[in-house]
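Engineer: prediction below, plus the sequence it came from.
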Amino acid sequence: MAASRLYRVEGVVLKSAPLGEGDLLVTLLTRDGSKLRAMAWGARKLTSRKMGHLELLTRVDLALSKGRNLDTITQAHSLEAFNVMKSGLESTAKAFYLAEMVDGFAIEDGANPPLYSLFLDALRAVQDSPEDNATVPHFQLSLLQVTGFMPELYRCVECRQQILPSDHRFSIDLGGVLCSGCVPTGARIAPLSLQALKVLRHFHRSLEPNSSSLQVSDSLHQELRSILDGATRYWLDREVRSRAFMDQVGRQKSESSAPRG
Amino acid sequence: MNQNIPAPAPVVRLIQELNRLPGIGPKSAQRLAYYIIRLPSEDAQALADAVLDVKDRIIFCSVCQNLTEIDPCAICSGPRRDRSLICVVEEPLDVLVMERASFYRGLYHVLHGVISPMNGVGPEDLRIKELLPRLEDGSVKEVVIGVNPTLEGDATAMYIHRLISPLGVKVSNLARGLPVGGHLEYADEVTLSQAYQGRREL
């Protein structure tokens, strides 16, 4: 008997692109942590039964039919709508940023279940605690960890000696911390404060970007950002485009809340 | 011996150019190219003229940013339009849709897209900043955001709202909810909750 062409899958909509008259090409992160691209014919039409269920950042239960190139979404039913817009423009910008990074690191036919639960936890944290400034850096480190690009945080990447407090720097090229004795040629090396190292190790020990776990100062946030954005850019080999919008929205908010003189 | 015979250079060039159009893949480009080859010369000339004509004569309206042949466009210079209302839409096609429905008598502002950070489209890539000077003289009382009800559309609406709310202009959004001819059974939870919130007394 021939195998059924129909199957079901749960996933979160990462992005969608309009195609043809009223169709959508949808990219999802599925429950097994792999990326799936599928066609939703007619999904942009106002009376489509799939419309709304395939909105960005919706956790959705799909019925699909196998196709020659792309599979076709035959039914869609939303399970959880991450209403990040309700939490404000900052949360929405953060959610775009998380989704773009997941889209960059996830691979088609490459199962990675922890990636799915990490992404859901991060979206819930962004939705429920929009003011928490540790969610994004925590997610970035956890993402590097579950996708196999975790930077070394405990031993020098050159001499493999245990890193001692106040004796550390960071190299994105070499993939982790460096002791003060090692001077590798040609590698970009940045200073790494003890506080930043402690926070990174804390993130490493607790995989979920728990919303209420930590609030970091602005300067520490900048330092973590420089390290983690650098590592993300290094492994993706491109800029994460949503970062610019996230920064812009943050600036707009701080300008509007600043006292007018 | 299997030797591929290449298509003549002008045909290859036409296929390549058609292939650059949105939604046209290599096979569609080939089909269109061979259709054009079979067209009578005058029809092919008319197509080429239409393409060049649209490039030569169509400009952006300096007021609403819609596509037009004259500047300002017929809507912006129309004497019967309500100048206290501006509807902000994504694309020039949305203006046509609104005009076809013929219930709206205000002005428009065309953004030419929505904020789509994942595709590298930020506010500076849209015609948002051109909206601000239109609100400065105080004649506009309300800005109606008429972008598509997607997450990207909502982000754009929220961004514009933040930008223009200090000017004291009322900002509203088109209502969200169930489409005419739709089925409650297939509505998603967000649409349903928005439809419920926007319910009206009969």
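Structural biologist: Perfect, I can see it now.

Engineer: distance between the ends of stretch B:66-73?
Structural biologist: 8 Å (C-alpha to C-alpha, to the nearest Å).

Engineer: what count of nearby residues applies to residue A:14?
Structural biologist: Neighbour count for residue A:14, taken as other C-beta atoms under 10 Å in any protein chain shown: 23. Using the backbone N, CA and C atoms, a C-beta is placed for each residue, glycine as well.

Engineer: show the model's pLDDT score for it.
Structural biologist: With respect to pLDDT, residue A:14 scores 95.

Engineer: next: residue B:1.
Structural biologist: Taking residue B:1 on its own, its pLDDT is 48.

Engineer: ok, now residue A:55?
Structural biologist: Predicted confidence (pLDDT) for residue A:55: 89.

Engineer: which residues touch it?
Structural biologist: Counting by C-beta atoms under 8 Å, 6 or more residues apart in numbering or on different chains, residue A:55 touches A:13, A:78, A:81, B:150-151, B:188, B:190.

Engineer: torsion angles phi and psi at it?
Structural biologist: Here is the backbone geometry of residue A:55 (degrees, to the nearest 10): phi -70, psi 150.

Engineer: give me the number of residues near the spatially closest residue to residue A:236 that is not a sequence neighbour?
Structural biologist: The shortest distance from residue A:236 to any non-neighbouring residue, by C-beta to C-beta, 6 or more residues apart in numbering or on different chains, is to residue A:104 (4.6 Å). Neighbour count for residue A:104, taken as other C-beta under 10 Å: 18.

Engineer: what's the following helix or strand after the host helix or strand of residue A:104?
Structural biologist: Under the criterion of DSSP states H and E, residue A:104 resides in helix A:89-105. Toward the C-terminus, helix A:89-105 is succeeded by helix A:113-128 as the next helix or strand (DSSP H and E).

Engineer: now do that following helix against helix A:89-105, angle only.
Structural biologist: Orientation check (axes from the mean of the first three to the mean of the last three C-alpha atoms, to 10 degrees): helix A:113-128 against helix A:89-105 gives 170 degrees.

Engineer: now do helix A:113-128: everything it contacts.
Structural biologist: A:11-12, A:29-33, A:57, A:59, A:82-84, A:86-87, A:91, A:94-95, A:98, A:102, A:105-106, A:132, A:135, A:139, A:142-143, A:146-147, A:207-211.

Engineer: can you check stretch B:51-71 too?
Structural biologist: Against stretch B:51-71 from outside (C-beta under 8 Å, 6+ apart): B:72-77, B:92, B:95, B:107-112, B:127, B:130, B:134.

Engineer: narrow these to just the buried residues.
Structural biologist: B:73, B:75-76, B:92, B:95, B:107-112, B:127, B:130, B:134 (16 or more other C-beta atoms under 10 Å in any protein chain shown).

Engineer: farthest pair in those residues?
Structural biologist: Among those, the pair separated by the greatest distance (C-beta to C-beta) is B:92 and B:134, at 17.3 Å.

Engineer: domains for the chain, by residue range?
Structural biologist: Went with chain A since none was named. Following automatic domain parsing, one finds the domains of chain A at A:6-81, A:150-211+A:227-238.

Engineer: hm, I was asking about chain B
Structural biologist: If you go by automatic domain parsing, chain B breaks into B:9-57, B:80-173.
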